[in-house]
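Asker: next input, structure requested:
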Amino acid sequence: KAGQQLLGSTGCEILLRSGSATCVASSAPGLVDSTDGSTLASGGAVQPNHLYLITADGRGLKATADATVMVRGSYTIS
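Answerer: Sure thing, here's the model as predicted:
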């Protein structure tokens, strides 16, 4: 749902299928975009159908609209 956060553990993979979300991270890089070989800073828009890798615990995404997300690895939703 909009406003919820999905925070993953190190090695978790996230793929946004629908809706919209922004990156949540306490430091750089926020998320690694494996699809185009770049990084995403905290607050940056998560691109649909891009595979993101979490490189440190407690990073992830915040839904700015209701979203459907595919996740591989350990995570929490708050």
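Asker: what sits against residue 15?
Answerer: Residues near residue 15 by C-beta atoms under 8 Å, 6 or more residues apart in numbering: 49, 50, 51, 52, 69, 70, 71. From N, CA and C alone the C-beta is placed, and that goes for glycine too.
Asker: now do the SS call for it.
Answerer: Under DSSP: H, G, I helix; E, B strand; the rest coil, the three-state class of residue 15 is strand.
Asker: partner residues bridging it?
Answerer: Counting by DSSP bridges, residue 15 is bridged to residue 51, residue 70.
Asker: against residue 78, how distant is residue 55?
Answerer: Note on residue 55: its distance to residue 78, by C-beta to C-beta, to the nearest Å, is 20 Å.
Asker: for residue 22, same thing?
Answerer: 15 Å.
Asker: the more surrounded of those two?
Answerer: Neighbours were counted for residue 22 and for residue 78 using other C-beta atoms under 10 Å; residue 22 has more, 17 against 9.
Asker: for the helix or strand the more buried one falls within, packing partners?
Answerer: Using DSSP states H and E, residue 22 sits in strand 21-24. Here strand 21-24 touches strand 59-63, going by 3 or more C-beta pairs under 8 Å, 6 or more residues apart in numbering; DSSP states H and E.
Asker: ok, residues contacting the strand it packs on?
Answerer: Outside strand 59-63, the residues that reach it (C-beta under 8 Å, 6+ apart) are 1-8, 12, 14, 16, 19-26, 30-31, 46, 52, 54, 69, 75.
Asker: same question for stretch 22-35.
Answerer: 5, 7, 13-14, 38-47, 49-56, 58-62, 64.
Asker: cool, stretch 3-11 as well?
Answerer: 14, 24, 53-63, 69, 71, 73-78.
Asker: cutoff 6 Å now
Answerer: By C-beta atoms under 6 Å, 6 or more residues apart in numbering, the surrounding residues in contact with stretch 3-11 are 24, 54, 56-58, 60-63, 73-78.
Asker: returning to that earlier point: same question for the strand holding residue 22: list its buried residues.
Answerer: By 16 or more other C-beta atoms under 10 Å, the buried positions in strand 21-24 come out as 21, 22, 23, 24.
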